[in-house]
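S.K.: Curious how this folds, go ahead:
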Amino acid sequence: MATVKFTDKGVASIKPPESGRLELWDALVPGFGIRVTAAGGRSWVFRYRLRGQEQKGCLTLGRFPALGLADARARAREAAAEVACGVDPAGPASPDRFRHPLTFSSLADRFIEEYAKPRKRTWAEDAARLRNRLVPAWGDRPADSITHGDIAALIASIVNEGHAIAANRSRSLISKLFRWAVSATDAEGRRLLTRNPAADMAPPAHENERDRVLSADELAKIWHAAGGLSRDWGRFVRMLILTGQRRDEVAGMRREEIQDASWGSYRGIIWTIPPERSKNGTASLVPLVGMAYEIVAGDNPGFVFPARRNENAHISGYSKAKTSLDKLSGVSNWRFHDLRRTFATRLAEQGCDPHIIEACLNHVSGQISGVARIYNRHKYLIEKRTTLEGWNQQLIEQGLGLDAR
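M.R.: Predicted coordinates:
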């Protein structure tokens, strides 16, 4: 029988016969076809031989356009698989017969809602990577049709675009998503997927731990270049330099997190980073002294560094701001996180004790951990304040100061 290459548009445009019915057959899936009646009705059908015997009539898979071409082909392939196993697809229906395939897009949504959001503070980064890179590639495909080769090809394309580290992150996310899907179940208790096509896939690029520490001259150039950014972006960059805190923690700083505190012999302004915003899940108390206090001075509610057009969100678009800083400062090959590393290195060069540096950085490793860290969180407040006051004074002596604006 003659075959044609089906498309949804082509099937919709088939002219009905004057009488009887017209049957056309797919060039891709043997036995899969479309039946068009004189009244214009269109039904997907599957013709097959079982144990060498031609079966009477055809198996009806569903009606077009309610059932699209991609899903109809998937049903035909399921029926062909049953025939290959000696099972008559036209017999009593099994619970899984022609179950609507789970697309990669739907799987990605479930992964974010059921796994990433409850477990990861950085779930929004996963959601963005899925939305911008992975779903456009595989969105409408049945998730169980994605192969190791598909993943390798996509990762290779990201590497070829010059984004090796992004390729590593995408591979890791894909593997985690499929690993979760193999263990997750639907409402009937069936596993979402039976295999992880990304299993045993090595990272495409080697990553060296960064050790970039900015020189005093480079730090001064970045500080002064920050004055050429918008007011909130300039204050944000300088707060990173002054406190050594993580980028996202500073960006999300809220007025209600800043208080005039009194604990024991400590008196001063404290910024409390709550555990839900801290990378390690541990609340951190950051004394705000000198220029850091001047930056946050004020009583406007909400975010200290609000988005330009939405006061209910904090600043974002770090890459764009970083590009502007590079141009204004003339400093290249650095990241925002390098400001944090530079902060720690300079404190060590001044002879600051390692456990005080870790306290300032809110690290849970090293000499402060577990119950001791909770106990010492308040104990080291005075030491942290003294350290930050010394760092603030050092910056001033290097000619760094706040703009009048």
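
S.K.: Count the neighbours of S19 for me.
M.R.: For S19, the count of nearby residues is 7 (other C-beta atoms under 10 Å). From N, CA and C alone the C-beta is placed, and that goes for glycine too.

S.K.: Am I right that it is in contact with A39?
M.R.: No: here S19 does not reach A39: they are 10.4 Å apart, not a contact under C-beta atoms under 8 Å.

S.K.: Quick one: the helices in the stretch 201-350 of the chain, in order.
M.R.: 216-226, 231-243, 247-251, 290-296, 318-329, 336-349 (DSSP state H, counting those that start in this stretch).

S.K.: list the buried ones in stretch 247-266?
M.R.: For stretch 247-266, the neighbour count (16 or more other C-beta atoms under 10 Å) marks R247, D248, E249, V250, A251, G252, M253, E257, I258, A261, Y266 as buried.

S.K.: how close does the second one sit to F336?
M.R.: For D248, the distance to F336 under the criterion C-beta to C-beta, to the nearest Å works out to 10 Å.

S.K.: now the first one
M.R.: Counting by C-beta to C-beta, the gap from R247 to F336 is 5 Å.

S.K.: any residues in contact with both of the two?
M.R.: Counting by C-beta atoms under 8 Å, 6 or more residues apart in numbering, the residues touching both R247 and F336 are L240, Y318.

S.K.: contacting residues around A261?
M.R.: A261 touches R267, G268, I269, I270, L285, counting by C-beta under 8 Å, 6+ apart.

S.K.: same deal with A164?
M.R.: Taking C-beta under 8 Å, 6+ apart, one finds I158, P204, A205 in contact with A164.

S.K.: separation between the nearest residue to the last one once chain neighbours are set aside and A156?
M.R.: In this case it means A205. Once flanking residues are discounted, A205 sits nearest to A164: 3.5 Å by C-beta to C-beta, 6 or more residues apart in numbering. In this view, A164 and A156 are 11 Å apart by C-beta to C-beta.

S.K.: who touches both of those two?
M.R.: P204.

S.K.: In the chain, what residue spans correspond to strands?
M.R.: 3-4, 21-26, 32-37, 42-46, 49-50, 53-54, 59-64, 258-263, 266-273, 284-287 (DSSP state E).

S.K.: Go through the fourth one and flag the buried ones.
M.R.: Applying a neighbour-count criterion of 16+ other C-beta under 10 Å, the buried positions in strand 42-46 are R42, S43, W44, V45, F46.

S.K.: Kindly reformat the residues you listed as JSON lines containing pLDDT and distance to T185.
M.R.: As requested, these are exported to JSON lines (pLDDT from 0 to 100; distance: C-beta to C-beta, whole Å):
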{"residue": "R42", "pLDDT": "90", "distance to T185": "35"}
{"residue": "S43", "pLDDT": "90", "distance to T185": "33"}
{"residue": "W44", "pLDDT": "92", "distance to T185": "29"}
{"residue": "V45", "pLDDT": "92", "distance to T185": "33"}
{"residue": "F46", "pLDDT": "91", "distance to T185": "29"}
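
S.K.: Specify which member of those is nearest to R73.
M.R.: Distance to R73, by C-beta to C-beta, is smallest for W44 among these, at 8.7 Å.

S.K.: and among the helices of the stretch 201-350 of the chain, the most buried is which?
M.R.: Compared across these, helix 231-243 shows the largest average neighbour count, a mean of 22 (mean count of other C-beta atoms under 10 Å).
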